[in-house]
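Participant: Fold the following.
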Amino acid sequence: SSTISPRSRRPRWSGSSMRILVVGNGAREDALSWKLAQSPHCEALFASPGNAGTASRGTNWGISVTDAKRLVERALAERIDLCVIGPETALAAGVADKMRAAGISTFGAARSAARLESSKIFAKRFMERHDIPTAYFRAVHSLEQAEKALNDWQGAVVVKADGLAAGKGVVVCDSPHDARAVLRGWYGGAGIPGGGIDVVLEAKLEGREVSVFALLDGRAGVMLGAACDYKRAGDGDTGPNTGGMGAYSPPATFPHDLLDSVRERVLAPVMAGLEAEGEEYRGALYLGLMWNEEEGASVLEFNARFGDPETQVLMPRFTGDLPLLLKSCADGVLDPSTISISRQACVGVVLATREYPVRSTPVEGLPAAVDLPAGCSAFWGTSEIANGRVTSPGGRVLTVTALGDDVESARQCVYGAVRSLGPVVGDKLTFRSDIASETTLR
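Facilitator: Below you'll find the model as predicted:
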């Protein structure tokens with residue numbers, strides 16, 4: 001069985017249709033709402049603040065993801081049956097806690113459990129306490145402590161800001177000398193990404209990166225799937241780190257028992273640790289892993305939610321009933337029978353404004369409806385729609401995805417779709433041309 005569960009339970013919810021709220025406004029939330037809307041159990045769909053994509057299949061509220069009070073008031077007024085939380089900032093603001101306190105079924109980690117993502121130091125110490133495989137590390141709180149820790153450091157150093165930094169708080173340094181330069185910049189004026197004074201210094205793990213997604217209901221856990229994403233801005237993994245420029249699923253070159261191995265080696269001790277510490281985790285858990293053939297998987301990072309852009313390539317492959325699945329997780333009665341994943345592959349390419357991630361350049365006048373070949377989908381990032389035209393503040397504007405019988409056919413299809421958008425997006429948006437190509441497959 002793919003489930004870790006102390007006992008079998010039956011779902012307590014037996015209604016036929018749901019009024020569903022998705023909190024967030026990125027392409028991840030657009031992909032989730034797209035899949036939720038396909039279920040016969042979805043009666044009405046709302047998003048807050050929402051974007052151009054969610055507006056096409058439901059109602060956008062325009063309330064900030066961190067304004068828990070207003071979100072709860074509106075959710076109660078609209079008789080929301082299920083709240084699905086996308087972004088980490090909403091979890092860190094305690095939106096899931098406030099929704100649950102108001103009696104609303106909520107898929108999203110509580111603020112205390114979301115510390116697995118919102119504090120790298122908390123996550124590393126949690127892994128240390130529960131024997132979860134991860135890299136050697138030192139937690140430091142000042143430049144002086146960091147310098148001292150680096151004095152006897154051998155080899156490469158990964159420097160990580162402790163807090164939420166939108167995927168931009170990690171610098172891989174070839175030597176302690178390079179790490180000192182980064183830390184002097186952070187502590188000496190530039191500021192630590194995400195704020196604060198806390199930094200993790202980590203040994204660099206060798207191997208191949210892979211993202212694995214699990215769903216937890218407080219007691220049981222089930223593997224949803226795996227993907228590989230591309231963090232660097234430019235082709236050939238060059239340029240600065242971003243929130244992610246593309247992804248593909250399933251991973252092409254990993255062993256067929258990857259998910260079984262990760263469930264045993266990582267997910268089981270994570271869940272045992274959460275239970276031992278009194279955390280009832282109900283939501284998605286993203287395991288950012290380094291895999292090598294000798295040792296298997298080690299944890300690079302946790303995210304307390306679905307990834308972006310990985311969600312955009314997992315949702316087209318998901319063929320089960322998403323509202324029933326997420327509702328069963330939210331209510332502590334996870335029903336694995338609602339999970340069904342296609343054997344097809346999916347490749348996603350992110351279209352971003354030209355100077356991303358250095359700066360965000362607003363774009364306007366993009367068409368709300370984009371014409372794509374069969375098997376392709378487009379998910380909007382942060383955006384607004386008025387009179388059929390889309391305005392975006394910039395950054396990651398659109399994720400285009402395609403399904404195929406294998407990764408290569410999906411890749412050819414998605415790049416055909418991206419090129420077909422050329423006349424529509426003009427020179428406003430740019431993208432990596434090597435997502436899931438032979439040379440970059442992991």
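
Participant: Could you list the buried residues of stretch 16-35?
Facilitator: Using 16 or more other CB atoms under 10 Å as the test for burial, stretch 16-35 gives 18-35. C-beta: built from backbone N, CA, C; applies to glycine.

Participant: Compute the first-to-last residue distance for it.
Facilitator: Its first and final residues considered, stretch 16-35 spans 17 Å by CA to CA, to the nearest Å.

Participant: While we're on the spatially most central residue of the chain, how confident is the model there?
Facilitator: Centroid check for the chain by CA atoms, centre = their mean gives residue 307 as the closest residue, at 1.1 Å. You'll see residue 307 listed with a pLDDT of 93.

Participant: tell me the contacts of it?
Facilitator: Residues counted as contacts of residue 307 (CB atoms under 8 Å, 6 or more residues apart in numbering) are 28, 211, 213, 227, 229, 244, 247, 286.

Participant: ok, 10 Å please
Facilitator: Residues in contact with residue 307 (CB atoms under 10 Å, 6 or more residues apart in numbering) are 28, 167, 211-213, 227, 229, 243-244, 247, 284, 286-288, 313-314.

Participant: Narrow the buried residues of stretch 16-35 to those in helices?
Facilitator: Members of the buried residues of stretch 16-35 lying in helices (criterion: DSSP state H): 27-35.

Participant: Longest helix in the chain, please.
Facilitator: In the chain, taking DSSP H as the definition, the longest helix is helix 407-420.

Participant: Following element in sequence after that helix, please.
Facilitator: Following helix 407-420 in sequence order, the next helix or strand is helix 422-425 (DSSP states H and E).

Participant: could you give the mean pLDDT of that following helix?
Facilitator: On average, helix 422-425 scores 83.

Participant: what do you get for stretch 349-359?
Facilitator: The average pLDDT within stretch 349-359 is 94.

Participant: How far off centre is it?
Facilitator: With CA atoms, centre = their mean, to the nearest Å as the basis, stretch 349-359 stands 18 Å off its chain's centre.

Participant: Which one of the contacts of residue 307 is nearest to residue 91?
Facilitator: residue 284 (10.3 Å; CB to CB).

Participant: what's the distance between that closest one and residue 123?
Facilitator: Relative to residue 123, residue 284 is positioned 16 Å away (CB to CB, to the nearest Å).

Participant: since we're on residue 369, how many residues are nearby?
Facilitator: 10 (other CB atoms under 10 Å).

Participant: so who does it touch?
Facilitator: By CB under 10 Å, 6+ apart, residue 369 lies in contact with 52, 56, 378, 388, 390.

Participant: immediately after the strand or helix carrying the third one, which helix or strand?
Facilitator: In this structure, residue 378 sits in strand 376-380 according to DSSP H and E. Scanning the chain past strand 376-380 towards its C-terminal end, the next helix or strand to appear is strand 384-386 (assignment: DSSP H and E).

Participant: Name all residues that make contact with the spatially closest residue to residue 184 that is not a sequence neighbour.
Facilitator: Nearest residue to residue 184, sequence neighbours excluded (CB to CB, 6 or more residues apart in numbering): residue 143, at 6.6 Å. Counting by CB under 10 Å, 6+ apart, residue 143 touches 180, 183-184, 186-188, 197, 199.

Participant: Quick one: end-to-end distance for stretch 338-356.
Facilitator: Stretch 338-356 end-to-end distance (CA to CA) = 38 Å.

Participant: Please point out which parts of that stretch sit buried.
Facilitator: For stretch 338-356, the neighbour count (16+ other CB under 10 Å) marks 338-339, 344-353, 356 as buried.

Participant: Tell me where the stretch 251-400 of the chain has helices.
Facilitator: 258-262, 268-276, 310-314, 322-330 (DSSP state H, counting those that start in this stretch).

Participant: My error: substitute the stretch 101-250 of the chain in the last question.
Facilitator: Under DSSP H, counting those that start in this stretch, the stretch 101-250 of the chain gives helices at 115-118, 120-129, 143-151, 176-185.

Participant: Show me what the second one is packed against.
Facilitator: The reference is to helix 120-129. Other elements packing on helix 120-129 under the criterion 3 or more CB pairs under 10 Å, 6 or more residues apart in numbering; DSSP states H and E are helix 115-118, strand 137-140, strand 157-161, strand 199-203, helix 268-276, strand 296-303.
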